[in-house]
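Chemist: let's see this in three dimensions:
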Amino acid sequence: MEWLVDKAGDALNSYASVIDGIVQTGSKLESTLSPTASSLIRGFLGNDVLTAGFFVMIIGTVVSFLKDSIINTFNDLLDWFYVSVEVDENDMCYDWLSDWLSTRLLNGSVRHFTVKAVWGTDDDDWFETNDKFDEDRPELVFMPGTGSHILYHKGHKITVSRERPDSISGSNFLSSNFMSSYQKKESITISTFGRDVSLLRSIIKDAMEESFKKNSGKTTIYCCQGSDRYWSYMGSRTPRAFHTVVLAKGIKEALLDDISTFRRSAGWYRERGIPYRRGYLLHGPPGTGKTSFIIALAGHLGLSVCILNLSASGLDDQQLDQLMNDAPRNSIILIEDIDAALLDKKPGETQSGKNNVTLSGLLNALDGVTAHEGSIMFMTTNYIKKLAPALIRPGRCDRKLLFDYADSHQVREMFLRFFLGQPSDYVKKVDKPKNVNEDKSIIKLSLLKKSKTNSDDEKDTAVVADVPDPEEQARRLEHDAMVRRLANRMAELITKEDAITPAQLQGFFLQYRNEPETIHAKVDDFKLELIANRKEQAEKKRLLRERHKKKEAKEKAKKEKERAKKEKERAKKRANGEDVDSSDSSSDEENDNEGSKGGSDFISDSDDDEGVHGLSVANGKSMANGKSAPNGAVSSS
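Modeler: Numbering: from 1, shown residues only. You can find the predicted model right below:
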């Protein structure tokens with residue numbers, strides 16, 4: 001207890017000495033003033049402590065000002081001896097420098113890092129293992145944190161500074177879409193001693209070359225984030241082989257030829273004064289491969305893909321126009337489901353925090369005065385009838401291509417792609433036999449690999465590469481001939497009239513990818529499952545329609561009741577000789593008109609294209625034997 005009393009006494013003595021120091025400092029400063037000024041200040045504040053504090057505050061302000069002035073002057077002097085470059089995160093250089101810095105060893109002066117978990121993006125490793133994807137943990141990427149850091153590049157000392165602006169939330173004005181679009185983004189600044197910028201240029205060039213080398217042969221994906229006015233790098237992916245995209249005859253080749261001709265005709269367009277732009281609309285039921293084809297096409301042509309979401313929150317006409325103009329060169333701009341993205345708004349009408357893209361703004365962005373030259377635009381929609389005619393007229397949409405249900409050609413080609421050459425194209429893993437030479441199907445070529453089972457027991461696994469010996473080659477030829485016969489048979493069992501999308505067909509083939517000989521027997525069950533799903537979807541839409549009609553009828557009855565009540569009141573006024581305002585009746589008529597219009601398109605007929613139409617076609621479709629099964633099902637021979 002005595003110790004606590006002593007500590008409290010020491011604390012009180014310390015506070016007393018501080019107060020005494022303040023009073024003495026204030027008294028000294030006060031003594032330098034004239035008696036009149038001193039008396040005025042003392043009379044205004046009322047006591048010696050406040051007077052001393054006032055003078056100390058003045059001293060602190062002066063010292064702070066002098067300190068800031070000295071620091072700013074020192075920084076200005078350093079600027080004479082240093083050269084620097086700043087890169088904002090809305091520029092592609094930022095991504096290059098970020099990757100470049102993450103691979104550089106920083107010296108011991110770095111005490112603060114930022115880290116992010118990144119899953120491997122090299123799809124080639126995945127396909128090489130074939131049977132499974134072994135990566136079960138992400139890669140940790142370290143970056144220097146905010147502040148200044150030192151590294152050495154080619155014998156030169158480089159200062160790297162990362163700046164992250166403070167959040168601007170908390171003010172209605174500052175958090176508006178306008179301010180959030182122009183707020184300062186995260187940036188990286190690199191500087192070095194001297195006046196020669198060649199070193200900084202070489203750093204950025206090296207970062208660019210490393211990035212392009214890393215992503216060589218891959219498709220780069222960009223997208224826009226909400227109210228941001230720039231394209232964000234989302235990653236790179238190994239492109240899908242273009243020959244694996246199976247469309248109706250002639251569509252893929254015609255579209256590829258059209259784009260290739262456009263890309264090498266810039267001079268031709270310029271000489272004739274034609275805007276150097278090309279627009280395509282891919283329409284058809286969901287699951288027919290519209291987006292997959294665009295991604296594969298971009299990979300085949302070596303183009304990037306910029307995915308533009310017109311429904312993004314905070315996006316408006318001005319930001320849309322800027323995004324269209326700032327799209328990276330050699331890229332495809334992709335707008336998916338454009339029928340569901342546009343709002344029925346007039347220019348100038350905005351809603352804070354919501355999507356404000358109008359049809360007029362989109363049209364101007366596509367072919368207005370500021371429209372981007374050299375752009376390749378792809379739009380997709382499931383329901384072309386919902387689109388405004390102005391949006392798909394020539395000049396904005398130069399070609400319209402239908403991606404329909406899978407026809408016989410697609411069924412045959414997809415079957416061949418799944419099953420043709422299956423035994424020889426994949427590297428097979430088998431348990432290593434006691435004597436490899438005793439197995440005639442293996443020709444002394446194996447690669448031993450250690451693999452752990454769940455019980456942590458190790459066993460040798462032989463990765464066997466096929467060698468074209470005569471017996472194996474004959475077996476493969478026989479297998480391929482069988483697959484071709486089965487493909488023709490499958491093309492007879494599944495036709496376009498069955499209303500089956502390539503996505504559904506792919507799922508069916510994947511389910512039985514190791515059973516090419518028996519998959520035909522499962523076609524009936526596959527069709528019956530689709531029929532049941534379509535019936536279920538059609539029933540859900542029917543119930544929604546009925547519910548909506550009941551709601552409309554209820555609202556209409558309520559309005560009729562209100563109108564009858566008002567009419568009764570007007571009749572009473574007329575009987576009493578009072579004036580009746582004619583505007584009341586006209587407003588009632590307008591409300592009735594709005595009620596009759598509202599909700600009429602709650603569930604569009606086009607929404608039933610896939611469900612009801614596909615159901616009716618499937619019910620009336622007969623199989624190869626031409627006999628219909630009960631309840632709309634069909635049986636095979």
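Chemist: C-alpha only now, for contacts and for neighbours.
Modeler: OK.
Chemist: in contact with Lys568, which residues are there?
Modeler: Taking CA atoms under 8 Å, 6 or more residues apart in numbering, we find Lys568 in contact with no residue.
Chemist: checking it next. Helix, strand or coil?
Modeler: Following DSSP: H, G, I helix; E, B strand; the rest coil, Lys568 is assigned to helix.
Chemist: please apply the same query to Lys185.
Modeler: coil.
Chemist: from memory it sits against Arg162, does it?
Modeler: No - the pair Lys185 / Arg162 is not scored as a contact, 10.9 Å apart, by CA atoms under 8 Å.
Chemist: which residue ranges of the stretch 201-350 of the chain form helices?
Modeler: All helices of the stretch 201-350 of the chain, identified by DSSP state H, counting those that start in this stretch, fall at 251-263, 266-271, 290-301, 317-325.
Chemist: got the contact list for the first one?
Modeler: Helix 251-263 has contacts (CA under 8 Å, 6+ apart) with 278, 297, 401.
Chemist: what's across from the closest residue to the first one other than its chain neighbours in the sheet?
Modeler: If the residues on either side of it in the chain are set aside, Arg278 comes closest to Ile376, at 5.1 Å by CA to CA, 6 or more residues apart in numbering. Each beta-bridge partner of Ile376 is listed here, defined by DSSP bridges: Arg278, Ile332.
Chemist: now do the contacts for Ile376.
Modeler: Each residue near Ile376 by CA under 8 Å, 6+ apart is listed here: 277-279, 331-333.
Chemist: from these, which is closest to Arg201?
Modeler: Distance to Arg201, by CA to CA, is smallest for Ser331 among these, at 25.4 Å.
Chemist: got the CA coordinates for stretch 270-290 in PDB?
Modeler: Output of stretch 270-290 as PDB, limited to C-alpha atoms (Å, rounded to 0.1, in the frame of the first residue of the first chain):
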ATOM      1  CA  ARG A 270      -9.500   4.700 -93.400                       C
ATOM      2  CA  GLU A 271      -9.200   5.400 -97.100                       C
ATOM      3  CA  ARG A 272     -12.900   5.000 -97.600                       C
ATOM      4  CA  GLY A 273     -13.900   7.000 -94.500                       C
ATOM      5  CA  ILE A 274     -15.700   4.100 -92.800                       C
ATOM      6  CA  PRO A 275     -15.500   3.800 -89.000                       C
ATOM      7  CA  TYR A 276     -13.000   1.100 -88.200                       C
ATOM      8  CA  ARG A 277     -15.300  -0.900 -85.800                       C
ATOM      9  CA  ARG A 278     -16.900  -4.300 -85.900                       C
ATOM     10  CA  GLY A 279     -19.900  -5.500 -83.900                       C
ATOM     11  CA  TYR A 280     -21.300  -9.000 -83.500                       C
ATOM     12  CA  LEU A 281     -24.500 -10.300 -81.800                       C
ATOM     13  CA  LEU A 282     -24.600 -13.900 -80.700                       C
ATOM     14  CA  HIS A 283     -28.100 -14.900 -79.800                       C
ATOM     15  CA  GLY A 284     -29.800 -18.200 -78.900                       C
ATOM     16  CA  PRO A 285     -30.900 -20.300 -75.900                       C
ATOM     17  CA  PRO A 286     -28.800 -20.500 -72.800                       C
ATOM     18  CA  GLY A 287     -26.100 -23.100 -72.900                       C
ATOM     19  CA  THR A 288     -25.400 -23.000 -76.600                       C
ATOM     20  CA  GLY A 289     -21.800 -21.900 -76.200                       C
ATOM     21  CA  LYS A 290     -21.900 -18.200 -77.000                       C
END
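Chemist: what's the mean pLDDT across that stretch?
Modeler: On average, the pLDDT along stretch 270-290 is 92.
Chemist: what comes up buried for it?
Modeler: Neighbour counts over stretch 270-290 (16 or more other CA atoms under 10 Å) mark 276-290 as buried.
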